[in-house]
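> what's the 3D shape of this:
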Amino acid sequence: MIQFQINTTTRSAPHQPPQATINPPPFEAVEQIELREPQAAAAIDIDNLNSTSLQAQVEPPPDYDGPIPIGANLLAVVKIDFESKPTFFSPQRPARLEDKIPNLTYLNRINELNDKLNTEESLKSMEYFKRFRWIGLGILVLCLIVSFSLFMAIGGTSGAYAFIIMLIPGMYGLSLSTDVKYIGIVQEFAKKWTQEDDGQGVNLFYDVKKIQGDSKDFGRINIQLLVFERLGVMGDAVRNVMGENLPEYAV
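I've put the predicted structure just below:
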């Protein structure tokens, strides 16, 4: 009997490489992908820089419309507050002075100034001056009425002379001396602090500005304590810039 052997071995299909299902991006897209991350990092750095610069502006420039000496920069304006007695000047150091004056030094100076302003002589000068200012205003109004009445009654040159003469005591009563005690105290401390800072090499100086009170506080003279920083000049150089003789240089 003849037997047939059937080869049941099956041939495997030839191997075919897998086909890519996504087309490769063009060169321009690859370049954009590579540049995207550095650009994002740069944007983050710019944002951090802007936020840092905003944080550096801790306090806006002081509100001051008066003259500023040549070669100086106004750092702070500290105003007197009569209603906060006995703390006429706030012991809180302005933010713009943080890197200029140690906090303890500023606190001790202001406390010493407030103590001096709370002496009996200083407090009396505040109250008396307020009364005198109102009295002076009353004298001025009275003199205006009398002088106008004389001018209308007499007329001519004599009436004009009488009008002018009667105005003199009224103007004097209104323009009483502003060199009262409490103002002089603040001026003395400003001069003292300037000398102390000069001796320690601190490039600051202090000044005092007198301001007429508003209608609610007509009788008092308000005070602003000004803190200046010299810009690149010190000592005699500041006086030269502000109008004194300039130094001569040999050729």
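
> where in the stretch 1-150 of the chain is pLDDT low?
Along the stretch 1-150 of the chain, the parts satisfying pLDDT under 70 run over 1-60, 128-140.

> now the strands: where do they sit in it?
72-79 (DSSP state E, counting those that start in this stretch).

> in it, which spans are helices?
Residue ranges of the helices in the stretch 1-150 of the chain, as given by DSSP state H, counting those that start in this stretch, are 27-56, 103-117, 120-154.

> Neighbours of residue 115, how many?
Residues near residue 115, counting by other C-beta atoms under 10 Å, number 11. Heads up, the C-betas are built off the backbone N, CA and C, glycines and all.

> check contacts around it.
Not one residue lies near residue 115 by C-beta atoms under 8 Å, 6 or more residues apart in numbering.

> before we move on, what about the one 10 residues further on?
Counting by C-beta under 8 Å, 6+ apart, residue 125 makes contact with 180, 181, 182.

> just those now: which is nearest residue 62?
The shortest gap between residue 62 and any of the contacts of residue 125 belongs to residue 182, at 22.1 Å (C-beta to C-beta).

> so where does that closest one fall, helix or strand?
helix 181-199 (DSSP states H and E).

> for the helix or strand just after that helix, packing partners?
Next helix or strand after helix 181-199 toward the C-terminus (DSSP H and E): strand 204-212. If you count contacts as 3 or more C-beta pairs under 8 Å, 6 or more residues apart in numbering; DSSP states H and E, strand 204-212 packs onto helix 181-199, strand 221-230.

> Which one of these lies nearest to residue 144?
Closest of the helices and strands packed on strand 204-212 to residue 144 is strand 221-230, at 23.4 Å (criterion: C-beta to C-beta).

> what comes up buried for stretch 223-232?
223, 224, 225, 226, 227, 228, 229, 230 (16 or more other C-beta atoms under 10 Å).

> And the average pLDDT for stretch 153-172 is what?
The pLDDT scores in stretch 153-172 average 68.

> Number of residues surrounding residue 92?
Neighbour tally, residue 92, other C-beta under 10 Å: 11.

> Nearest approach to residue 81 belongs to which of the helices and strands packed on strand 204-212?
With C-beta to C-beta as the yardstick, what comes closest out of those is strand 221-230 (9.2 Å).

> Check which strands are paired with the closest one and give the direction for each one.
strand 72-79 (antiparallel), strand 204-212 (antiparallel) (DSSP bridges).

> now that strand against helix 181-199, angle please.
Between the axes of strand 221-230 and helix 181-199, defined by axes from the mean of the first three to the mean of the last three C-alpha atoms, to 10 degrees, the angle is 10 degrees.

> what angle sits between strand 221-230 and helix 103-117?
150 degrees.

> In PDB, list the C-alpha atoms belonging to strand 221-230.
Presented in PDB, the C-alpha positions along strand 221-230 are these (Å, rounded to 0.1, in the frame of the first residue of the first chain):
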ATOM      1  CA  ILE A 221       0.900 127.000  60.600                       C
ATOM      2  CA  ASN A 222       1.300 123.400  59.400                       C
ATOM      3  CA  ILE A 223       4.800 122.000  59.000                       C
ATOM      4  CA  GLN A 224       6.300 119.600  56.500                       C
ATOM      5  CA  LEU A 225       9.600 117.900  57.400                       C
ATOM      6  CA  LEU A 226      11.400 117.300  54.100                       C
ATOM      7  CA  VAL A 227      14.100 114.700  53.600                       C
ATOM      8  CA  PHE A 228      16.500 115.200  50.600                       C
ATOM      9  CA  GLU A 229      19.200 113.100  49.100                       C
ATOM     10  CA  ARG A 230      22.200 114.800  47.500                       C
END
